[in-house]
Structures are given as structure tokens and as C-alpha cells.
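K.L.:
for reference, the sequence and a predicted model appear below.
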Amino acid sequence: MRFNPKARLDRGQVRDSGRGRSGGGLGGALGGRGGGQQIRVPGGIKAGGGMTGLLVIVLFVVLTQCLGDGGGTGGLPGGSSTGLDPAQVQGSERYDDCRTGADANESADCARVAVVNSIQDYWGDNLESMSGTPYQLALTTTFQDTVSTGCGDATSQVGPFYCPRDSTVYLDTGFFDEVLERQLGGPDGGFVEYYVIGHEYGHHVQNLTGSMGRVRTQQGPDSDAVRLELQADCYAGMWARGATRTDDAAGEALISELTDDDIRLAIEAAESVGDDRIQQKTSGRVNPEGWTHGSAEQRQRWFRTGFDTGDFEACDTFAATRL
């Protein structure tokens with residue numbers, strides 16, 4: 001992926017909480033639960049326990065956040081769809097030098113800002129016409145070690161997740177090297193992270209449109225939980241299809257090039273986080289009744305569905321007879 005050097009980046013959409021500090025996010029402004037609440041997963045499993053425990057967390061944590069009492073049609077204070085309040089976006093200086101697409105071409109941090117800008121511009125331009133629901137901006141918070149969220153406290157072992165209570169995507173950037181690449185054998189490359197961010201913003205779209213409230217069954221190959229996750233993969237594919245048509249606030253293109261290799265990396269990343277692949281690596285056997293996100297084949301196929309069609313209705317996994 002190449003970014004347009006002339007594009008201006010909106011740094012207000014991404015913040016960094018630093019190392020071992022409270023993330024804060026927009027939780028206080030939204031009236032969600034503050035710090036002191038540890039994120040838990042079904043069955044009372046907590047973060048930790050080496051590779052197996054960590055991978056169980058990766059499988060379950062997004063579902064835990066989505067099915068908590070913070071689900072539903074959330075969003076930012078005042079229903080803002082035009083920008084985030086700079087007073088609410090505070091943290092370290094990690095992104096201070098991310099100003100243009102040229103910076104994004106030189107820095108992984110600035111590329112992250114550009115990708116978040118692109119994803120939000122895509123949904124801002126399209127969600128209401130596709131679904132009847134206006135898009136509301138969501139914050140991305142990067143962190144190291146620990147972070148406090150509207151859904152409770154999280155550690156780096158949780159992996160990337162979206163918290164509907166504060167409309168924020170949380171991302172420990174070390175996840176991609178430590179877990180996805182080294183432990184799960186996933187691919188290495190910039191677009192791997194962008195696929196994951198696109199997936200997490202897919203959960204934000206589901207929060208806005210009410211899809212999270214449709215989840216009743218939480219495990220199994222045909223469960224609502226799997227349908228929710230595959231739909232988020234499909235939404236990530238939709239953004240990837242339209243990425244080169246996204247703009248900054250002045251109408252300047254954000255992304256100048258998206259290659260076949262970028263899409264290959266996204267599909268390989270989707271494969272690496274399939275439930276069957278993770279189960280095989282961690283326990284040596286595959287048990288579909290324990291699935292929460294879908295198989296490697298399903299995750300690849302639904303990303304491709306979004307990318308190939310760009311059709312919001314085609315991503316309705318809840319209506320699909322074949323997952």
C-alpha cells in the first residue's frame with residue numbers, strides 16, 4: 001500500500017496511551033465503566049497462561065466486549081460524525097509527527113493513522129446510504145502492557161479488540177510480531193495490521209447498526225458469534241475494495257495504491273486466525289463446537305466476499321444459509 005504524499009492526516013482519530021498507563025479513551029465521557037474492571041472471557045478465563053491462554057483470549061475477547069451490556073447502538077458524545085473532540089484525545093506524543101501521506105509512507109505509526117482515516121472516511125461516505133444508519137467516528141487507542149477501557153482493564157495478551165462502551169478500537173501493536181507472526185505463523189507485512197484494524201472497525205459498524213444485539217449463541221460453527229466475526233471480516237474486505245477512493249478532509253486521496261500483494265497478506269492473515277487453525281496449533285485437534293470466529297476458510301472467504309462485491313447486503317452473515 002502507498003499513501004498519497006499530499007494527503008493531510010487527522011491525528012485526532014488515533015491516540016497512544018503509552019506503556020503501562022491508563023488508556024482512558026472516551027469511557028468517562030460516555031458514562032461507561034471505568035478502570036478497575038478486568039476484561040474477562042467466557043468460562044471465567046483470564047488473560048495469561050502462556051501461548052495457549054493467550055490464544056484463547058484472542059479467540060474470545062471481542063465476543064466478550066460485544067455481548068456485554070455495553071452493546072447496542074453506541075457512538076460518540078453528541079452523535080458527532082464530523083470529528084473527535086481534541087480534548088478527549090490525549091496521550092503520549094507517538095503520533096505528533098504524523099501530518100501527511102508522505103509521513104505515512106515513511107512511518108508505520110503514521111501509516112496506522114492514515115489507515116484509520118481511510119476506514120472512517122469509507123464508512124462515513126457509505127454507511128448511511130447502505131444501511132440507513134449514519135456513521136459516527138470511533139477512536140483508535142494503541143497501548144503497551146496494559147490499558148484501561150470502558151469495557152474493563154486489558155493487558156497486551158488480549159490482542160486487538162473493539163469496546164462498544166466507549167466506541168474505541170484498542171491495539172497493542174506488538175501483537176502482530178509476537179502473536180500473529182511468531183506464535184500463529186501468520187504473514188508479516190503492513191497490510192496484515194490494516195486488515196485487523198478494518199475488522200475491528202467492522203465491529204464498530206455492527207455496534208452502530210445493531211448487529212451486536214442479534215448475538216444469542218456464543219459458540220459453535222453456526223453460532224451467532226461466528227456470524228458476527230465473519231461479518232466484520234466482510235466489512236474489512238469492503239473497505240479494502242474502496243480504500244483508494246477515500247479522501248482527507250480537503251478531498252485529497254489518502255491511498256494512492258493497493259496491490260494484489262496487500263490483499264494476499266490480508267487473506268493469509270485471515271487464514272492464520274481461523275478457529276480451526278488456532279485449535280490445531282494449541283491442542284492438536286479441531287473442535288468446531290468451540291468456534292467463536294469461524295474457520296480459516298470461512299474467514300478468507302468472507303473477506304473476499306466484501307472485497308469482491310463491495311455490497312453491504314452480501315455481508316449479511318446472519319441471513320446466510322452457508323457460513
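P.N.:
Happy to help now that I have it.
K.L.:
buried stuff in stretch 127-143?
P.N.:
By neighbour count on 16 or more other CB atoms under 10 Å, the buried set for stretch 127-143 is Leu127, Met130, Ser131, Tyr135, Gln136, Leu137, Ala138, Leu139, Thr140, Thr141, Thr142, Phe143. Any C-beta I mention is one placed from the backbone N, CA and C, and that applies to glycine too.
K.L.:
what number of residues lie near Pro160?
P.N.:
Pro160 has 23 neighbouring residues, counting by other CB atoms under 10 Å.
K.L.:
what's the burial count for the spatially closest residue to it that is not a sequence neighbour?
P.N.:
Closest residue to Pro160 apart from its sequence neighbours, by CB to CB, 6 or more residues apart in numbering: Leu171 at 4.9 Å. By the criterion of other CB under 10 Å, Leu171 has 25 neighbours.
K.L.:
and what of Arg214?
P.N.:
Using other CB under 10 Å: Arg214 sits among 14 other residues.
K.L.:
phi, psi for the residue lying closest to it once chain neighbours are set aside please.
P.N.:
The spatial neighbour of Arg214 that comes closest, neighbours along the chain excluded (CB to CB, 6+ apart), is Phe318 at 5.7 Å. Dihedral angles of Phe318 (phi, psi; degrees, to the nearest 10) stand at phi -70, psi -20.
K.L.:
you'd agree Phe318 is up against Arg227?
P.N.:
Yes - between Phe318 and Arg227 there is a contact under CB atoms under 8 Å: 5.2 Å.
K.L.:
looking at these two, which is more packed in?
P.N.:
Arg227 (22 against 13).
K.L.:
give me the pLDDT for the more buried one.
P.N.:
Arg227 is assigned 97 on the pLDDT scale.
K.L.:
SS state for it?
P.N.:
Local secondary structure at Arg227 is given as helix here, using DSSP: H, G, I helix; E, B strand; the rest coil.
K.L.:
surely it meets Ala320?
P.N.:
Yes - between Arg227 and Ala320 there is a contact under CB under 8 Å: 7.4 Å.
K.L.:
hey, where'd the strands end up in the stretch 101-250 of the chain?
P.N.:
Along the stretch 101-250 of the chain, counting by DSSP state E, counting those that start in this stretch, strands occupy 139-144, 146-149, 152-155, 161-163, 168-171.
K.L.:
pick the most buried one from these.
P.N.:
Stretch with highest mean neighbour count among the strands of the stretch 101-250 of the chain: strand 161-163 (a mean of 29; mean count of other CB atoms under 10 Å).
K.L.:
in the chain, what spans have low per-residue confidence?
P.N.:
19-92, 176-189 (pLDDT under 70).
K.L.:
separation between the spatially most central residue of it and Ala319?
P.N.:
Nearest to the geometric centre of the chain sits Glu200, at 1.6 Å (CA atoms, centre = their mean). With distances taken as CB to CB, to the nearest Å, Glu200 is found 23 Å from Ala319.
K.L.:
then Ala138?
P.N.:
Remark: distance between Ala138 and Ala319 (CB to CB) = 25 Å.
K.L.:
what does Asp125 give?
P.N.:
Using CB to CB, we find Asp125 at a distance of 25 Å from Ala319.
K.L.:
those two - which one has more neighbours?
P.N.:
Asp125 (15 against 8).
K.L.:
could you say which helix or strand holds Asp16?
P.N.:
strand 14-19 (DSSP states H and E).
K.L.:
which parts of that strand are buried?
P.N.:
Val14, Arg15, Asp16, Ser17, Gly18.
K.L.:
pick the one among those closest to Gly294.
P.N.:
Val14 (28.0 Å; CB to CB).
K.L.:
the closest one touches Leu137, doesn't it?
P.N.:
No - with contact defined as CB under 8 Å, Val14 does not reach Leu137; the gap is 11.2 Å.
K.L.:
returning to what we had before: okay, and the beta partners of the residue nearest to Pro160?
P.N.:
Thr142 (DSSP bridges).
K.L.:
ok, now which ones touch it?
P.N.:
By CB atoms under 8 Å, 6 or more residues apart in numbering, the contact list for Leu171 reads Thr140, Thr141, Thr142, Phe143, Pro160, Val196, Ile197, Glu200.
K.L.:
Glu297 contacts Arg277, correct?
P.N.:
No - if you go by CB under 8 Å, Glu297 and Arg277 don't touch, sitting 9.7 Å apart.
K.L.:
ok, and the closest non-adjacent residue to Arg304?
P.N.:
Gly237 (6.3 Å).
K.L.:
relative to Ala114, how far out is that neighbour?
P.N.:
Taken as CB to CB, the span from Gly237 to Ala114 is 19 Å.
K.L.:
what's the answer for Leu323, then?
P.N.:
Applying CB to CB to Leu323 and Ala114 gives a distance of 33 Å.
K.L.:
please say which of the two ends up with more neighbours.
P.N.:
Ala114 (28 against 16).
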